[in-house]
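# Need coordinates for the following:
(one chain, ligands or ions: 1)
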Amino acid sequence: LRHLTSLEHLPRATIERLLDRAEAMRDACAHGTRKLDLLTGRTVLNLFFEPSTRTRTSFELAARRLGADVINFDLGLSSTSKGEAMFDTLHTLEAMHLDAIIVRHKVSGTPDELVRHAMSGVSVINAGDGNRAHPTQGLLDALTIRQHRPDFHQLVVTICGDVKHSRVARSDVHALSALGAKEIRLCAPSGLMPAQTDFPHCRLFDNFDSAIEGADAVIMLRLQKERMTATDLPDEAAYFQHYGLDKRRLALAAKGCLVMHPGPINRGIEIASDVADGAQSRILEQVGNGVFVRMAVLNEVLGR
Ligand code: CP
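The predicted structure is shown next:
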């Protein structure tokens with residue numbers, strides 16, 4: 001791969017190769033290797049037009065662990081705030097001989113636009129665009145599930161919450177479908193559920209009790225208030241009652257169901273604190289796997 005802008009259309013073998021490589025990175029780090037020299041001399045730019053804690057930090061850590069240099073572009077201190085167009089910013093930064101640009105933007109399709117405008121030799125990695133794709137989140141979610149439930153042909157996954165605005169849901173569905181998951185269920189109130197045609201291979205639910213019954217993994221999604229108008233905002237208490245994950249609902253899932261969330265968590269809105277912090281929670285494992293998946297992706301697009 002030269003670029004990674006989406007998991008859509010990626011063959012199963014490519015996804016499995018990236019997950020296997022992430023496992024190898026994890027093993028190397030577990031055996032005390034703090035730094036691999038795979039990307040020495042390469043320069044990676046973190047270009048985030050939307051806030052991030054997990055993705056931005058883990059890409060930086062991943063790049064440094066591979067020996068690359070990292071520039072964290074500070075939007076507030078940049079000439080973007082003086083009105084410079086994004087593509088002029090891009091070409092200015094490229095002229096400094098970057099090897100990869102990791103981009104997050106609120107407009108769906110921005111990473112592919114960068115690929116079209118980028119000079120040859122620069123790789124583009126999508127760190128989340130609008131509601132379209134968050135490919136490294138899809139990979140790290142698949143890796144976390146595979147570590148606990150390796151037989152995807154028996155796997156039932158429920159994704160619940162603000163599906164409409166969720167790039168994570170879309171990338172999770174692409175990864176899990178490609179890996180052969182038995183059933184992917186999406187659950188949301190009608191106003192936050194896209195059309196069935198957008199998710200032809202998923203079962204859609206508006207009742208969370210039904211959607212979670214017998215599930216092997218449940219991925220909770222944050223209400224993305226920043227992408228809603230005031231009239232679209234649900235009442236939070238009513239939302240938690242119908243779509244929140246608490247102990248009673250978790251008991252309806254399969255024994256040992258994995259509790260997952262891409263973060264950031266809204267406690268008491270989509271997930272109860274005792275479930276988020278409970279024995280079945282894999283949320284911090286997801287965060288840890290994020291570093292290894294991003295090492296694997298950087299090595300894939302930049303490795304010689
Ligand atoms: N999961 C995720 O994308 O988190 P951040 O917004 O903190 O990067």
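# So residue 38 is in contact with residue 299, correct?
Yes - with contact defined as CB atoms under 8 Å, residue 38 and residue 299 form a contacting pair (5.5 Å). In this view, the C-beta of every residue, glycine as well, is placed from N, C-alpha and C.
# which one of the two has more residues nearby?
residue 299 (21 against 17; other CB atoms under 10 Å).
# In terms of helix, strand or coil, where does the more buried one fall?
Three-state assignment for residue 299 (DSSP: H, G, I helix; E, B strand; the rest coil): helix.
# still on that earlier bit, what touches both of residue 38 and residue 299?
Taking CB atoms under 8 Å, 6 or more residues apart in numbering as the criterion, residue 38 and residue 299 both touch residue 66.
# for residue 269, what are its contacts?
Residue 269 makes contacts with 223, 236, 239, 240, 244, as judged by CB under 8 Å, 6+ apart.
# er, residue 206 I mean
Residue 206 is in contact with 187, 188, 189, 190, 193, counting by CB under 8 Å, 6+ apart.
# Next: residue 34.
Neighbouring residues of residue 34 by CB under 8 Å, 6+ apart: residue 65.
# So for it, what's the pLDDT?
Per-residue confidence (pLDDT) for residue 34: 76.
# And for residue 274?
pLDDT, residue 274: 98.
# count of neighbours near the closest residue to it other than its chain neighbours?
Distances taken as CB to CB, 6 or more residues apart in numbering put residue 247 closest to residue 274, at 6.5 Å, once the chain neighbours are dropped. For residue 247, the count of nearby residues is 11 (other CB under 10 Å).
# what residues are up against residue 247?
272, 274, 275, 278.
# do you know how far it is from residue 278?
8 Å (CB to CB, to the nearest Å).
# before we move on, what about residue 11?
Distance from residue 11 to residue 278, by CB to CB: 36 Å.
# With neighbour numbers in mind, choose between the two.
Neighbour totals were compared for residue 11 and residue 278, and residue 278 leads with 13 against 9 (other CB under 10 Å).
# Just give me the neighbour total for the nearest residue to the more buried one once chain neighbours are set aside.
The shortest distance from residue 278 to any non-neighbouring residue, by CB to CB, 6+ apart, is to residue 259 (6.9 Å). Counted with other CB under 10 Å, residues neighbouring residue 259 total 21.
# And the pLDDT for residue 259?
We have a pLDDT of 98 for residue 259.
# Which parts of the stretch 101-250 of the chain are helices?
Using DSSP state H, counting those that start in this stretch, the helices of the stretch 101-250 of the chain run over residues 110-117, 135-148, 167-178, 208-212, 236-243, 247-250.
# so can I have TSV of those helices showing distance to residue 45 and mean pLDDT?
Putting the helices of the stretch 101-250 of the chain into TSV (distance: least, CB to CB, whole Å; pLDDT from 0 to 100) gives the following:
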stretch	distance to residue 45	mean pLDDT
helix 110-117	11	92
helix 135-148	16	98
helix 167-178	21	98
helix 208-212	40	98
helix 236-243	37	96
helix 247-250	41	98
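# Save these as JSON lines, and put in distance to the ligand too.
Formatted as JSON lines, these follow (distance: least, CB to the nearest ligand atom, whole Å):
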{"stretch": "helix 110-117", "distance to the ligand": "14"}
{"stretch": "helix 135-148", "distance to the ligand": "5"}
{"stretch": "helix 167-178", "distance to the ligand": "7"}
{"stretch": "helix 208-212", "distance to the ligand": "21"}
{"stretch": "helix 236-243", "distance to the ligand": "19"}
{"stretch": "helix 247-250", "distance to the ligand": "21"}
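# Can you tell me which of the contacts of residue 247 end up in helices?
Among those, the ones falling in helices (DSSP state H) are 274, 275.
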